[in-house]
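Engineer: Sequence and predicted structure below; questions after.
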Amino acid sequence: MNANGHFVALEGVTKRFGDLEVLRRVNLTVEEHNVVCLIGASGSGKSTLLRCINLLEKVDEGRIVVDGEEITNGQVDVNALRRKIGIVFQAYNLFPHMTVLQNVSLAPRKVRGLDRETSREVAMELLRRIGLEDKANEFPDRLSGGQQQRVAIARALAMNPRLLLLDEITSALDPQLVSEVLNLVRSLTEVGMTMIIATHEMTFAREVSDRVCFLDGGVIYEQGPPEQIFSNPSEPRTREFLARIIEAGRL
Amino acid sequence: MHRVLQDFADPFYFRQVLPDIWSGFLINVHMMVIAEALVLVLALVLAIVRGLPGRGAKPFRGLAIVYTDFFRGTPLTIVAYAFILGVPGLRYAGISNYSNEVYGIMALTVVYTAYVTEVYRAGIESVHGSQRMAARSLGLSYGQAMRYVVLPQAIRRVVPPLLNDFIGLQKDTAIIGAIGVTEAAAQGQNFASSYFNFTGFLVGAVFFIYLTIPLARFTDHLIKQRELRERAAMV
Ligand SMILES: Nc1ncnc2c1ncn2[C@@H]1O[C@H](COP(=O)(O)OP(=O)(O)O)[C@@H](O)[C@H]1O
Ligand SMILES: [Mg+2]
């Protein structure tokens, strides 16, 4: 086993919460500029997998290599690693006591060490890109869910991450707000952002992924190109899962 | 009834006692302001220490817990006597020859720091873990996440209970009179024993109430404002 040539490599990653094995010997590789989607029922371990990659959770067994550096040996500088890896959560988690502009410019200022003026420019440029420059001085609770989630993405992008983890970022949104967020993610695939995306939006996953992984009970049951997973899955469990999704009208 | 009025609110004595009570009351205000400023800072430090993660910080967390348990449980009078009788006895050049007022401020600070530490701690714990997680995932260190994300939200939330504790502190400055600081209550006491009249106490009480009511109303106002904001955020 080695991680040669892969931008991200998980090798035999196991994670437990008490007696519960939430991830079981997960192997996964991601190439630079690729998009990998994680699909699977609620509770299958998608969030935990993403959180292990930026060390918000500690893995119990196995190893994870990011950009040629093993991050699971307990010696890595956690804060330095997280500078390279952005994550966006289902619940946005914007800082409610800060304006939109302050939310986006905080990390450039305090972590990247940019001065006030430069970090402000970086943040404004991103807000322009997501079409929310007119909201720069609003507080998050004045924005719609879709707008808040776009700001959360901008906040992560402000660190210039080499890898972006998206954890069901549209699951808390009203249906009519989903597309503005997905369009933003789509624009990131066009500029070659490396992403691992946990999602229930199957149409979207099919469109943007280079590879799709189906998780069930903490195990990656099947992975492959989207055409194969969605049109011709080889595992019965994958078929069952997709059948339920189709029934729910999401594909 | 007439007797009561004469004893507690005699217009003749009123004029006579007013200047003394007023000068005493200024001492109350002085002790209160200094103690409150110290409490705000020390309690914040203790609350942060109490929440430090990791095994290495365990002894510090333990000390902070012992401190708050001990001083929340000990009556202010006892702490005040301990300072005024005990500290000079230490003959420790640095702190052993201060005035009684300074010892009173120390006692108030030590006791109220314990209360306010708990207030801060509740505030820090009320900030959802996802906020800290979001901050850490941007690469902010533990300290930076605390300083820029957790504490600003926590402190905003605890302003009302904190002001409540300060109302208590204001009133408790009167207890310091018992250890020989001639603050308002002690002035009232002096006056009562020389003239067998209690008008001084009434005057003192009015001063205290004048100080407390605006603070209490301001606290109510903040609480109401927050309720409105939270309701607005819900819809
Ligand atoms: N902090 C935690 N403590 C205990 N169990 C957890 C914790 N986080 C997640 N789990 C459990 O791990 C399993 C996988 O959760 P998660 O990774 O959130 O799945 P998904 O994102 O696919 O819905 C679930 O059974 C969940 O209850
Ligand atoms: Mg999840």
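Structural biologist: Thanks, I have it. Ligands and ions are numbered 1, 2, ... in the order given.

Engineer: The closest residue to B:Leu18 other than its chain neighbours: neighbouring residues, count only.
Structural biologist: Spatial nearest neighbour of B:Leu18, excluding adjacent residues (CB to CB, 6 or more residues apart in numbering or on different chains): B:Val203 at 6.2 Å. (Each C-beta comes from the backbone N, C-alpha and C, glycine too.) When neighbours are defined as other CB atoms under 10 Å in any protein chain shown, B:Val203 has 24 of them.

Engineer: close enough to count as contact, B:Val203 and B:Pro19?
Structural biologist: No: counting by CB atoms under 8 Å, B:Val203 sits too far from B:Pro19 to count as a contact (10.2 Å).

Engineer: hmm, back to that, which of the residues in the host helix or strand of the residue nearest to B:Leu18 are buried?
Structural biologist: For B:Val203, the host element (DSSP states H and E) is helix B:199-234. Using 16 or more other CB atoms under 10 Å in any protein chain shown as the test for burial, helix B:199-234 gives B:Thr199, B:Gly200, B:Phe201, B:Leu202, B:Val203, B:Gly204, B:Ala205, B:Phe207, B:Phe208, B:Leu211, B:Thr219.

Engineer: pLDDT and distance to B:Arg15 added to those, as JSON lines?
Structural biologist: Below are the buried residues of helix B:199-234 laid out as JSON lines (pLDDT from 0 to 100; distance: CB to CB, whole Å):
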{"residue": "B:Thr199", "pLDDT": "81", "distance to B:Arg15": "10"}
{"residue": "B:Gly200", "pLDDT": "78", "distance to B:Arg15": "12"}
{"residue": "B:Phe201", "pLDDT": "82", "distance to B:Arg15": "16"}
{"residue": "B:Leu202", "pLDDT": "83", "distance to B:Arg15": "13"}
{"residue": "B:Val203", "pLDDT": "81", "distance to B:Arg15": "10"}
{"residue": "B:Gly204", "pLDDT": "82", "distance to B:Arg15": "15"}
{"residue": "B:Ala205", "pLDDT": "85", "distance to B:Arg15": "17"}
{"residue": "B:Phe207", "pLDDT": "84", "distance to B:Arg15": "15"}
{"residue": "B:Phe208", "pLDDT": "84", "distance to B:Arg15": "20"}
{"residue": "B:Leu211", "pLDDT": "84", "distance to B:Arg15": "22"}
{"residue": "B:Thr219", "pLDDT": "82", "distance to B:Arg15": "34"}
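
Engineer: What is the nearest of those residues to ligand 1?
Structural biologist: B:Thr219 (37.0 Å; CB to the nearest ligand atom).

Engineer: For the closest one, which residues are in contact?
Structural biologist: Counting by CB atoms under 8 Å, 6 or more residues apart in numbering or on different chains, B:Thr219 makes contact with B:Pro160, B:Leu163, B:Asn164, B:Ile167.

Engineer: quick one, helices of chain B?
Structural biologist: B:2-8, B:11-50, B:58-73, B:76-81, B:87-89, B:100-126, B:129-137, B:142-145, B:151-172, B:184-195, B:199-234 (DSSP state H).

Engineer: between those helices, which gets nearest to A:Asn73?
Structural biologist: Comparing these against A:Asn73 with CB to CB, the closest turns out to be helix B:129-137 (19.6 Å).

Engineer: For the closest one, the averaged confidence score.
Structural biologist: Per-region confidence: helix B:129-137 scores 96 on mean pLDDT.

Engineer: cool, stretch B:90-103 as well?
Structural biologist: 73.

Engineer: Quick one: end-to-end length of that stretch, please.
Structural biologist: The first residue of stretch B:90-103 is 13 Å away from its last residue (CA to CA, to the nearest Å).

Engineer: what about the residue of chain B at minimum distance from ligand 1, how many residues close to it?
Structural biologist: Nearest residue of chain B to ligand 1: B:Gly129, at 9.8 Å (CB to the nearest ligand atom). For B:Gly129, the count of nearby residues is 10 (other CB under 10 Å).

Engineer: What distance do you get for it to A:Val66?
Structural biologist: From B:Gly129 over to A:Val66 the distance is 24 Å, taken as CB to CB, to the nearest Å.

Engineer: residue contacts, the residue of chain A most remote from its centre?
Structural biologist: What lies farthest from the middle of chain A is A:Glu117; by CA atoms, centre = their mean that is 29.1 Å. Contacts for A:Glu117 (CB under 8 Å, 6+ apart) come out as none.

Engineer: Then it would be within a helix, right?
Structural biologist: Yes: the assignment for A:Glu117 (DSSP: H, G, I helix; E, B strand; the rest coil) places it in a helix.

Engineer: pLDDT at it, what is it?
Structural biologist: 95.

Engineer: how about A:Val36, secondary structure?
Structural biologist: Per three-state DSSP, A:Val36 ends up strand.

Engineer: shouldn't it be in contact with A:Thr199?
Structural biologist: No: contact criterion CB under 8 Å: A:Val36 and A:Thr199 do not qualify, at 10.8 Å.

Engineer: ok, back up a step: so which of the helices of chain B gets nearest A:Ala41?
Structural biologist: helix B:129-137 (22.4 Å).

Engineer: then the closest one to PDB, C-alphas only?
Structural biologist: The C-alpha coordinates for helix B:129-137 follow below in PDB (Å, rounded to 0.1, in the frame of the first residue of the first chain):
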ATOM      1  CA  GLY B 129     -19.900  23.300  19.400                       C
ATOM      2  CA  SER B 130     -20.400  23.700  15.600                       C
ATOM      3  CA  GLN B 131     -19.200  27.300  15.900                       C
ATOM      4  CA  ARG B 132     -15.900  26.300  17.400                       C
ATOM      5  CA  MET B 133     -15.600  23.500  14.800                       C
ATOM      6  CA  ALA B 134     -16.200  26.000  12.000                       C
ATOM      7  CA  ALA B 135     -13.500  28.200  13.300                       C
ATOM      8  CA  ARG B 136     -11.000  25.400  13.800                       C
ATOM      9  CA  SER B 137     -11.700  24.000  10.400                       C
END
